[in-house]
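**Q** here's my sequence, what's the structure:
(one chain, ligands or ions: 3)
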Amino acid sequence: MRDQLQLKKPIVWTIAGSDSGGGAGIQADLLTFADLGCYGCSAITANTAQNTVEVTAINAVSLEVLGSQLQALRRDLFPAAIKIGLLANAEQVVAVADFLRQLQAVQPVPVIYDPVAVATNGAGLTEGSITATVLAQLMPQCDLVTPNLHELEWLTGASVTGAESIVQAARQLHAHGGTAILVTGGHTQLRAGEVADLLWDGEKADWFIGREVSSTGTHGTGCTLSSAIAACRALGYPLRDACVVGKAYVQRGLRRGNNAHIGAGAGPVGHCGWPLDLIDFPEILVPGEERALDYGFGVAQPLVQGFAQTDSQALGLYPVVDTVEWLQRLAELGVRTLQLRIKNPGGDLRAQIERAVAIGRTYNLRLFINDYWQLAIECGAYGVHLGQEDLQSADLRAIQAAGLKLGISTHGFYELLLAYRYRPSYLAIGAIYATNTKDMSDQLQGVQKLARMAALLPEYPLVAIGGINMQRASEVIASGVGSIALVSAITKAKDYKQAVADFNVLFKGKHAEVEPC
Ligand SMILES: Cc1ncc(COP(=O)(O)OP(=O)(O)O)c(N)n1
Ligand SMILES: Cc1nc(C(=O)O)sc1CCOP(=O)(O)O
Ligand SMILES: [Mg+2]
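**A** Ligands and ions are numbered 1, 2, ... in the order given. Modelled structure (predicted):
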């Protein structure tokens, strides 16, 4: 798996300044790309003279020098994502914006802009003001801009003092070309001990809450975050997944970096490999939960957390079927984990669920009812399986109070972390591969990403679903999940009895685990 990934390293560019001190700028960007499995290219905008305590010169390159780098890259090393950092003057901003416009006309490429203009010590990093040109020309070419609070104030002219003003300013900035805004919160704490980032994509706000880490190695965190997000976008991760993995990568670098001895000032943030520890990942705030109120996020509604546990962390073979007859057949074969997923119910839905629950009792099944949580409670089912969108509408407290187990679907890091906030009985991750059973084409995870997600919750019941068949099942199980959910591999098998027997063999001789990265 590692070799396969390395053969297919996506190309990521950084268009940014060189930091002679090695901790930020191009140097941090290239370290990050390599660390996250990408191939990095660079177009240098300025050769800054700096160390860990001072910036003594910017040394912007000429438009000719910048343009020649970009054109060389474009001819041979087309990017899967671009990170932009320091642009040293308004002319460079115009040149890069023009270049991006032409590039995007050939093929859309995710562009992440870290709006670097002022050093942490307050020193200006640009020749003259670039604000108006950035807003008018560059922002519309970008998919994501990652200002810290100072940069947010710089770009909006607003004074940012609390959660409400951060959201307002992010909305204001988003208006410049519809670019998503990730405001990083490293410079202030809205709640003690928490470092909160706000993502505003024009439709939805998200707060990502990280734990405060005491570290002197903080130089280059902004560059590293935006580069990590660009790397994840190049790997095909959607924006929210890229943001939470990027934040976790920086957090890991702060927690594990060992760079205090480098220079007399703030040492560089560490580059410590793919984040595989849950502790580095942000918690996703649920609107209305108690602590969300400190962020002005949602109307007060207590978070329902903690559902009945299953008797085993490894739920094993988990067929998902649409009739009671299928439940009966599979129960007779000794399958223990099953789901009734009826998408076109007739008038007798309650009767079907009652029959399913009766079969479940007879065979001591872990039987989950998809979607119909009210009927599942009324009929006394073992458990319910809900999708992400159901989390807003279902009465989770009623499910919890009735003692039903709860499984939740997730599709990527962001949804996994969000669903984990509820501490359900299991978390399902999909779709691992393309499937004809349901259109999941824009939510495919692949087995490498599955392994990286599974690594975060080694002790939790995890289920993989989507396009899994006999040929693929071994690598899915090796990713660390304790269960595979299957529709067509069972219900469309030539011989379902043989299929069940074959899958059971895989679980008995569980393979060595795949290395997540
Ligand atoms: C085990 C398991 N994982 C995921 C799903 C999908 O559930 P959901 O997102 O609610 O979508 P529908 O199944 O309702 O189409 C599942 N059913 N089972
Ligand atoms: C119902 C369903 N949910 C998915 C998810 O990713 O949430 S994938 C999926 C289809 C699973 O069917 P098959 O095993 O035939 O591919
Ligand atoms: Mg459902």
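**Q** looking at the stretch 151-300 of the chain, which residue is nearest ligand 2?
**A** Ligand 2 sits closest to Pro238 of the stretch 151-300 of the chain, with a gap of 14.0 Å, by C-beta to the nearest ligand atom. For the C-beta atoms, the positions are set from N, CA and C on the backbone; glycine is no exception.
**Q** same question but for the chain, I mixed them up
**A** Each residue of the chain has a distance to ligand 2, by C-beta to the nearest ligand atom, and the smallest belongs to Gly430, at 2.2 Å.
**Q** so who does that residue touch?
**A** By C-beta atoms under 8 Å, 6 or more residues apart in numbering, the contact set of Gly430 is Ser409, Thr410, His411, Met440, Gln443, Gln445, Ala464, Ile465, Gly466, Ala485.
**Q** thinking again about what came up before, report the contact partners of the residue of the stretch 151-300 of the chain closest to ligand 2.
**A** Counting by C-beta under 8 Å, 6+ apart, Pro238 makes contact with Gly412, Tyr414.
**Q** and it, how close does it get to ligand 1?
**A** Taking C-beta to the nearest ligand atom, to the nearest Å as the measure, Pro238 falls 16 Å from ligand 1.
**Q** give me phi/psi at that residue?
**A** phi -70, psi 170 (degrees, to the nearest 10).
**Q** so the most centrally placed residue in the chain: helix, strand or coil?
**A** If you average the C-alpha coordinates of the chain and look for the closest C-alpha using C-alpha atoms, centre = their mean, you land on Asp241, 1.7 Å from that point. Counting by DSSP: H, G, I helix; E, B strand; the rest coil, the backbone at Asp241 sits in helix.
**Q** residues contacting it?
**A** Neighbouring residues of Asp241 by C-beta under 8 Å, 6+ apart: Cys232, Gly412, Phe413, Tyr414.
**Q** give me the subset of the residues you listed that lies in helices.
**A** Cys232, Phe413, Tyr414 (DSSP state H).
**Q** distance-wise, check the residue nearest to the centre of the chain relative to Thr224.
**A** Applying C-beta to C-beta, to the nearest Å, the value for Asp241 to Thr224 is 17 Å.
**Q** got it, and Arg336?
**A** With the distance defined as C-beta to C-beta, Arg336 ends up 46 Å from Thr224.
**Q** and the two? Which one has more around it.
**A** Thr224 (27 against 17; other C-beta atoms under 10 Å).
**Q** which secondary structure elements does the helix or strand in which that one is found sit against?
**A** Using DSSP states H and E, Thr224 sits within helix 221-234. In terms of contacts (3 or more C-beta pairs under 8 Å, 6 or more residues apart in numbering; DSSP states H and E), helix 221-234 is packed against strand 11-19, helix 25-35, strand 81-84, strand 111-113, helix 239-256.
**Q** could I get those as a markdown table with mean pLDDT?
**A** Listed next are the helices and strands packed on helix 221-234 as a markdown table, based on pLDDT from 0 to 100:
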| stretch | mean pLDDT |
| --- | --- |
| strand 11-19 | 97 |
| helix 25-35 | 98 |
| strand 81-84 | 98 |
| strand 111-113 | 98 |
| helix 239-256 | 97 |
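**Q** any chance of the ones you listed in a markdown table, plus distance to Ala266?
**A** Converted to a markdown table, the helices and strands packed on helix 221-234 look like this (distance: least, C-beta to C-beta, whole Å):
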| stretch | distance to Ala266 |
| --- | --- |
| strand 11-19 | 12 |
| helix 25-35 | 13 |
| strand 81-84 | 21 |
| strand 111-113 | 23 |
| helix 239-256 | 11 |
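**Q** closest one to ligand 3 among these?
**A** helix 239-256 (20.6 Å; C-beta to the ion).
**Q** please parse the protein into its domains.
**A** Structural domains assigned to the chain are 2-295, 316-508, following automatic domain parsing.
**Q** let's have the ones you listed in JSON lines, adding distance to ligand 3.
**A** Formatted as JSON lines, these follow (distance: least, C-beta to the ion, whole Å):
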{"stretch": "domain 2-295", "distance to ligand 3": "20"}
{"stretch": "domain 316-508", "distance to ligand 3": "4"}
